[in-house]
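**Q** Below: sequence and its predicted model.
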Amino acid sequence: MYMCSVAQDLRGGTPYAPLPDGNLLAAMHVKDGAHSPPLYGTTFYLMSGTPPFQLLSISPKLCLSELSVDLAISATCALQFVTGLVVEPEDNLALLSYGQMDRQMHLAALPLDALVAFAKTHVLGDDEELSISDCDQAFA
């Protein structure tokens, strides 16, 4: 089995969900070890769907909350991480499963177009060291 990594030090997350434009959407966990206990959050990112699987963009941390406005550093989001992602483009829907406080499992349904736009917040440049994975070596 060939394992790939990217220069962005990505943590664990969801499998990639294919999008109609050929790109891939996924979530990753972000650990903030500056706090005790550490805080965990989730960001979303887009990758190209063909080798060399270029990392295209990344979102800020997302807080999944029932509140209309909640910060990614709030108590609700102190230990929250997405573990599952399924997209239904024909319904403009992204279905997420996520853990909270290492005690509860939740489901969320988000508008797919809004989640993809959020994942495009920080577009990565042409610097190959920062935006190309070594996954292309498996296809060389």
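**A** Received it, and whenever you're ready, just let me know what you need.
**Q** wait, residue 112 sits on residue 90?
**A** No: if you go by CB atoms under 8 Å, residue 112 and residue 90 don't touch, sitting 9.8 Å apart. C-betas here are computed from N, CA, C, even on glycine.
**Q** more neighbours, those two?
**A** residue 112 (21 against 8; other CB atoms under 10 Å).
**Q** what's the spacing between the residue most central in space within the chain and residue 13?
**A** Nearest to the mean C-alpha position of the chain, by CA atoms, centre = their mean, lies residue 27 at 1.9 Å. Distance of residue 27 to residue 13, given as CB to CB, to the nearest Å: 5 Å.
**Q** so what sits against both of these two?
**A** Residues touching both residue 27 and residue 13 (CB atoms under 8 Å, 6 or more residues apart in numbering): 42, 82.
**Q** okay, whichever helix or strand residue 40 is part of in PDB with CA atoms only?
**A** Secondary structure assigned from DSSP states H and E places residue 40 in strand 39-47. C-alpha atoms of strand 39-47 as PDB (Å, rounded to 0.1, in the frame of the first residue of the first chain):
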ATOM      1  CA  LEU A  39      -8.200  21.700  21.400                       C
ATOM      2  CA  TYR A  40      -9.300  20.000  18.200                       C
ATOM      3  CA  GLY A  41     -11.100  21.700  15.300                       C
ATOM      4  CA  THR A  42     -12.000  21.000  11.700                       C
ATOM      5  CA  THR A  43     -11.000  22.700   8.500                       C
ATOM      6  CA  PHE A  44     -12.100  21.800   5.000                       C
ATOM      7  CA  TYR A  45      -9.900  21.700   1.900                       C
ATOM      8  CA  LEU A  46     -10.100  21.100  -1.800                       C
ATOM      9  CA  MET A  47      -7.700  19.000  -3.800                       C
END
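**Q** what's the helix or strand following that strand packed up against?
**A** Next in sequence after strand 39-47, counting helices and strands by DSSP H and E, comes strand 55-58. When contacts are defined as 3 or more CB pairs under 8 Å, 6 or more residues apart in numbering; DSSP states H and E, strand 55-58 packs onto strand 39-47, strand 122-123, helix 128-131.
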